[in-house]
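Asker: I'll drop the sequence and a predicted model, then ask my questions.
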Amino acid sequence: MGQLRDLGRGHGEAGLIIIGLDPGLGTTGWGVIAKSGSRLTHIANGQVKTDSAAPLPERLVTLDRELTDVILRYRPDSGAVEEVFVNANPQSTLKLGQARGVCLLTLARVGMPVSEYATRLVKKALVGTGAAEKAQVQAMLKVLLPGVKLAGADAADALAVAITHANMVRGSTGLG
């Protein structure tokens, strides 16, 4: 894991590179943006999918490995993860929490500052209301990141988390 600790930044003109994650055991969305002053630029987005027939430990390893690859490829300066919401099914909540734990660990292992945001806050930050529908969030993403091609709903949510974090960060080259 030494390679992760020695990422070396040097984004220069790009400003601050932020990765947002929307955790899920079946599908974890990720989105990478750049913040330079008040300007946001889409870099990439995607989804990590795990095999539902595979044992839980194998699925968590897949999630960690693929997120590590994304981090090594885009070299973000900071990360943000959506917080777990409690749903009616305790098993689903537990699995979501385990995937979220992998997301936090993968980001923290590289020494990256990691922030966490509630779903309602993310929706409010993008659309103006915490009760916004997914379609409203995705429409706002297309306004804020012109030309963005979303890899799926989870990737869209991850970009929304990254944008929320970008709006919480002071300055263009570091955290507040």
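Answerer: In hand now; what should we look at?
Asker: right, and the helix or strand after the lowest-mean-pLDDT helix or strand in the chain?
Answerer: The helix or strand of the chain with the poorest confidence is helix 2-5; it has a mean of 42 (mean pLDDT, DSSP states H and E). Downstream of helix 2-5, the next assigned helix or strand under DSSP states H and E is strand 16-22.
Asker: pLDDT on the next helix or strand after that following strand, on average?
Answerer: The first helix or strand that comes after strand 16-22 along the chain, using DSSP H and E, is strand 27-36. Looking at strand 27-36 alone, the average pLDDT works out to 97.
Asker: strand 27-36 pairs with which strands, parallel or anti?
Answerer: strand 16-22 (antiparallel), strand 39-49 (antiparallel) (DSSP bridges).
Asker: give me whichever of the ones you listed is most buried.
Answerer: Between these, strand 16-22 has the highest mean count of neighbours, a mean of 27, where neighbours are mean count of other C-beta atoms under 10 Å. Backbone N, C-alpha and C define where each C-beta goes, glycine included.
Asker: now do the residue in the chain sticking out farthest from the centre, the pLDDT please.
Answerer: Of all residues in the chain, residue 53 sits farthest from the chain's C-alpha centroid, using C-alpha atoms, centre = their mean; the distance is 25.0 Å. According to the predicted model, the pLDDT of residue 53 comes to 97.
Asker: part of a helix, is it?
Answerer: No - Residue 53: not assigned to a helix; according to DSSP: H, G, I helix; E, B strand; the rest coil it is coil.
Asker: quick check: which ranges of this protein have low pLDDT?
Answerer: Scanning the chain for pLDDT under 70 picks out the ranges 1-14, 86, 170-176.
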